[in-house]
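A.B. asks: Dropping the sequence and predicted coords here.
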Amino acid sequence: MSLMKHSKMKYSKPIVGALAALALAVGAASALAADKVKVGFVYVGPIGDHGWSYQHHEGLKALKAKFGDKIETTHVEKVSEGPDAERVIQQLAAKGHKIIFTTSFGYMNPTLKVAKRFPKVMFEHSTGFKRAKNVSTYNIRFYEGRYVAGIIAGKMTKSNTIGYIASFPIPEVVMGINAAYLGAKSVNPNVKFKVIWVSTWFDPGKEADAAKALTDQGADVLFQHTDSPAAMKLAEQKGKFAIGQASNMGAFGPKAQLTALVNNWGPYYIKRVQAVMDGTWKSGDTWGGIDSGMLKFAAWNKAIPADVVKLAEAARDQISSGKLHPFTGPMKKQDGTMFLKAGEKISDRALSGMNFYVEGLDGKLSK
Amino acid sequence: MLKLELRKEPSKLMLYATPFIALGLTILAGLLLFALMGKEPVRAITTIFFEPLTSLYSVSELMVKSTPLILIGIGLALGFRAGVWNIGAEGQFAIGAICGSAGALYFYQVESIWVLPLMCLAGAAGGMAWAAIPAFLKTRLNTNEILVSLMLVYVAVLLLGVLVHGPMRDPDGLNFPESRLFHDAAILPILIEGTRAHAGFIVALIIVALAWFVLDRHILGFQIKVAGQAPHAARFAGFSDKRIVWLCFMISGALAGLAGVFEAAGPVGQLVPALPVGYGFTAIIVAFLGRLHPVGVLLGGLLLALTYIGGESAQISMSLPSATTSVFQGMLLFFLLAADVFVNYRLKWTGRAAKTSAALRQAAE
């Protein structure tokens, strides 16, 4: 850098002025024919994550298959949950999208801000809890699937040690660990969970490291609450089992995948876009479980004995019919305090704010 | 035969021409790339480089996006001039955001015009404190400031994570990792009604002017330049190395910290874990693209902001993949570094005749 010389250039006009002038000169953006319903999607990850964002994109494809020429879809991937989100959502709204799905928690406040400016555009925010007249929220009861998968894991583990790769200690993840543990414990009283927090939703390298650390500590079944198939691949290599997350990861672990909890957003997206077409769209909150078809299981691994499949299917069907709730009292927190009386089912409100481990889980939950 | 020949003196013309050459080559390579991808190449390029300039909203977003790049880029450029390599602006940015947000949250109930200035001070001080670590280790123990400042980025980002998951978390937010939304008193004034363009952009412009003045007219600027270009001469002239290192780290740390506060108190309006999105690293490209000159940094910041916003537009209107933006930024830096060869070298055509006669002469000897 020793050769950098000093400039004597002079700029007579401020840059901003020039930019603004150019903006005026070229004029406003083109308007589009408004016959088709334009549907926008904002993804936090790359579509190729084979997990969370990939499944939302599958939902987009289901929309296209259903409505064909009647709709036009747009998606923006890898939108960070920081300052960029609001601009992307705003751009979609400004470009005539009638309904916009923002598919990650961090988009909550940006979605609400843009929604205020575009009262005629409908917004759908996934996993959040703030709503407005034109902002709905929607999510899947993943914990139901984790409970069922926990039953399979609890039966399949030989070391009685189940590894769990967790992302962030938010209620969604905490209730997932609790539900998986409760499922496993219901069929195997000796089961132990080891949890590693990786502080990311998508980082194949970190996820693989965590998976390796867990198997080194004796875990022979892996759960994950992160999006890449890295843990599945490692389980396959090491001859262990794993539960696929968000999408069917069977291709990455044909022998390893016991089952996968598959997020099936398509039916919800079709319902909501149909409502926009019919003019019946209303703001609301949807938390769809197994019964809604929004949560599916990938085919059971052939290595699972028939009696275990039976147990899992029974639990699945009972949860679906409402007979069984994974969080039913008597139930204690890790510190021994009672939080559900005998026979009491947890409320959705308490569940969506869950910030403690249930009794029997080891390790401290970072708060 | 083409040959590179060392210039007697670095070419000033090339020094200022190379960013434009690099931009031109990037656009050409982009055209080729899009053609290979089967997308309309010309439309893609116009979408990325011109469409963002065609509406008031996207121009306002250009200001939002370029503000942190310019602020951080100015600080880094000063340091790079002096041969002080602060690579950890991203961490100073995060700490600045934390300290500024702490002010906003601590005075959550206070509606006073003093909240915002206090936040800015806290953010700048936080950035300086974080930058003081590599500066101290460099001047005391002669550690490599590149490594120390870079490693501290990860510490800072993790610290941000810990805080938004814990003490700074929104008490009514169902344990989700974000702070409360700041009160109006803690939000930067908006420049253009209905947009997110905030007062931070004006501050960035003032900083550009100040930096220009310091470098051009002030003894400090002279010392910085001499320290970078001729360290021995600087020492001989009695300029203290340590003082320069501290000075550069304090300035770049303060500016990065300020950029962090501006992001939290500007476009976002709360502290979120995803606040650091890489401005501290992109600003390195900005500084070099701007030839380490304040006005250049301003232009470089605007250009890089343009590629971000244009990349998003291209995703929305042409469904190009999101990697487009990073590819463009990478190409820009690549071509800039490649073209920089011509600052010190010139291309010389050595004809066949010249070569044969030289060979003949050699044979005769």
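C.D. replies: Yep, it's here.

A.B. asks: Per-residue pLDDT of the nearest residue to A:L182 once chain neighbours are set aside, please?
C.D. replies: Counting by C-beta to C-beta, 6 or more residues apart in numbering or on different chains, A:L182 lies nearest to A:P326, which is 5.5 Å off, once chain neighbours are set aside. Every C-beta, even on glycine, is put in place using the N, C-alpha and C of the backbone. Per-residue confidence for A:P326 comes out at a pLDDT of 96.

A.B. asks: give me every residue that touches the most centrally placed residue in chain B.
C.D. replies: In chain B, the centroid-proximal residue (C-alpha atoms, centre = their mean) is B:A283; its distance is 1.3 Å. Contacts of B:A283 were listed using C-beta atoms under 8 Å, 6 or more residues apart in numbering or on different chains, and they are B:P68, B:L69, B:I72, B:G73, B:L76, B:A89, B:G301.

A.B. asks: do that again at 6 Å, thanks
C.D. replies: Applying C-beta atoms under 6 Å, 6 or more residues apart in numbering or on different chains, we find B:A283 in contact with B:L69, B:I72, B:G73, B:L76, B:A89.

A.B. asks: In these, which residue is surrounded by the most others?
C.D. replies: Counting neighbours by other C-beta atoms under 10 Å in any protein chain shown, the top entry in those is B:G73, with 39 neighbours.

A.B. asks: how far away is that residue from chain A?
C.D. replies: Counting by C-beta to the nearest C-beta, to the nearest Å, the gap from B:G73 to chain A is 14 Å.

A.B. asks: Repeat that for B:A283.
C.D. replies: Computed with C-beta to the nearest C-beta, the distance linking B:A283 and chain A is 15 Å.

A.B. asks: Downstream of the one helix or strand that residue maps to, the next helix or strand is which one?
C.D. replies: With elements delineated by DSSP states H and E, B:A283 resides in helix B:279-289, which encompasses its position. The first helix or strand that comes after helix B:279-289 along the chain, using DSSP H and E, is helix B:294-318.

A.B. asks: what angle do that following helix and helix B:279-289 make?
C.D. replies: In this structure, helix B:294-318 runs at an angle of 120 degrees to helix B:279-289, with axes from the mean of the first three to the mean of the last three C-alpha atoms, to 10 degrees as the basis.

A.B. asks: now whatever helix or strand comes next after helix B:294-318, how far from the chain's geometric center?
C.D. replies: Downstream of helix B:294-318, the next assigned helix or strand under DSSP H and E is helix B:323-339. On the basis of C-alpha atoms, centre = their mean, to the nearest Å, helix B:323-339 is displaced by 14 Å from the centre of the chain it belongs to.

A.B. asks: now chain B, which segments are flagged as low pLDDT?
C.D. replies: Filtered on pLDDT under 70, chain B yields the residue ranges B:351-365.

A.B. asks: For it, what lies in contact range of chain A?
C.D. replies: Among all residues of chain B, those adjacent to chain A (criterion: C-beta under 6 Å from any C-beta of the partner chain) are B:10, B:53-56, B:59, B:61, B:80, B:161, B:174-176, B:228-229, B:263, B:267-268, B:272, B:274-275, B:277, B:292-293, B:312, B:315-316, B:322.

A.B. asks: Kindly supply the PyMOL command isolating those of those that are buried.
C.D. replies: A single PyMOL command is used to select the members of those judged buried by 16 or more other C-beta atoms under 10 Å in any protein chain shown:
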select buried, chain B and resi 10+53+54+55+59+61+80+161+174+175+176+228+229+263+267+268+272+274+275+277+292+293+312+315+316+322
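
A.B. asks: Outside of stretch A:125-140 itself, list whatever touches it.
C.D. replies: Contacts of stretch A:125-140 from elsewhere in the structure, counted by C-beta under 6 Å, 6+ apart, are A:102-103, A:105, A:108, A:111-112, A:115, A:119, A:122-124, A:263, A:268, A:283-288, A:294-295, B:174.

A.B. asks: let's go with 7 Å and repeat that
C.D. replies: By C-beta atoms under 7 Å, 6 or more residues apart in numbering or on different chains, the surrounding residues in contact with stretch A:125-140 are A:101-105, A:107-108, A:111-112, A:115, A:119, A:121-124, A:172, A:263, A:268, A:283-288, A:294-295, A:352, B:174.

A.B. asks: on that earlier part again, quickly name whichever of the contacts of B:A283 is closest to A:V191.
C.D. replies: Using C-beta to C-beta, the shortest approach to A:V191 within the contacts of B:A283 belongs to B:A89, at 47.1 Å.

A.B. asks: now the nearest residue to the closest one once chain neighbours are set aside: how far from A:P46?
C.D. replies: With C-beta to C-beta, 6+ apart as the criterion, B:A89 has its nearest non-adjacent residue at 3.6 Å, and that residue is B:G280. In this structure, B:G280 and A:P46 are separated by 22 Å, where distance is defined by C-beta to C-beta, to the nearest Å.

A.B. asks: ditto for B:S11
C.D. replies: For B:S11, the distance to A:P46 under the criterion C-beta to C-beta works out to 42 Å.

A.B. asks: cool, and A:A65?
C.D. replies: A:A65 is 22 Å from A:P46, where distance means C-beta to C-beta.

A.B. asks: out of the two, which sits in the more crowded spot?
C.D. replies: More crowded of A:A65 and A:P46, by other C-beta under 10 Å: A:P46, with 18 against 10.

A.B. asks: Verify the stated contact: the more buried one with A:H75.
C.D. replies: No. Using C-beta atoms under 7 Å as the test, A:P46 is too far from A:H75 to be in contact (11.1 Å).

A.B. asks: Overlap of the contact sets of those two?
C.D. replies: Common contacts of A:P46 and A:H75 (C-beta under 7 Å, 6+ apart): none found.

A.B. asks: And A:K61, what's its pLDDT?
C.D. replies: In this model, A:K61 is scored at 96, pLDDT.

A.B. asks: Okay, and it sits in which element?
C.D. replies: A:K61 is located in helix A:52-67, with elements delineated by DSSP H and E.

A.B. asks: Which other helices and strands does that helix contact?
C.D. replies: Helix A:52-67 makes packing contacts with strand A:37-42, strand A:71-76, helix A:266-278 when contacts are defined by 3 or more C-beta pairs under 7 Å, 6 or more residues apart in numbering or on different chains; DSSP states H and E.

A.B. asks: Contacts for it, please.
C.D. replies: Outside helix A:52-67, the residues within contact range by C-beta under 7 Å, 6+ apart are A:39, A:41, A:43-48, A:71, A:73, A:75, A:77, A:103, A:201, A:227, A:246-247, A:263, A:265-266, A:269-270, A:273.

A.B. asks: Which secondary structure element of chain A has the lowest mean pLDDT?
C.D. replies: Counting by mean pLDDT, DSSP states H and E, the weakest-scoring helix or strand in chain A turns out to be helix A:15-26, with a mean of 43.

A.B. asks: Look at stretch A:95-112 and report the distance between its end residues.
C.D. replies: Distances were taken as C-alpha to C-alpha, to the nearest Å; on that basis the terminal residues of stretch A:95-112 are 18 Å apart.

A.B. asks: next one: stretch B:77-86
C.D. replies: Distances were taken as C-alpha to C-alpha; on that basis the terminal residues of stretch B:77-86 are 10 Å apart.

A.B. asks: Name the nearest residue to the residue nearest the centre of chain A, sequence neighbours excluded.
C.D. replies: Within chain A, the residue whose C-alpha comes closest to the C-alpha centroid is A:W52; the distance, by C-alpha atoms, centre = their mean, is 5.1 Å. The spatial neighbour of A:W52 that comes closest, neighbours along the chain excluded (C-beta to C-beta, 6+ apart), is A:D227 at 4.7 Å.

A.B. asks: and that neighbour, what helix or strand is that in?
C.D. replies: Remark: A:D227 resides in no helix or strand, with elements defined by DSSP H and E.

A.B. asks: What residues does it make contact with?
C.D. replies: With contact set as C-beta under 7 Å, 6+ apart, A:D227 has these partners: A:G45, A:D49, A:G51, A:W52, A:W201, A:F202, A:Q245, A:A246.
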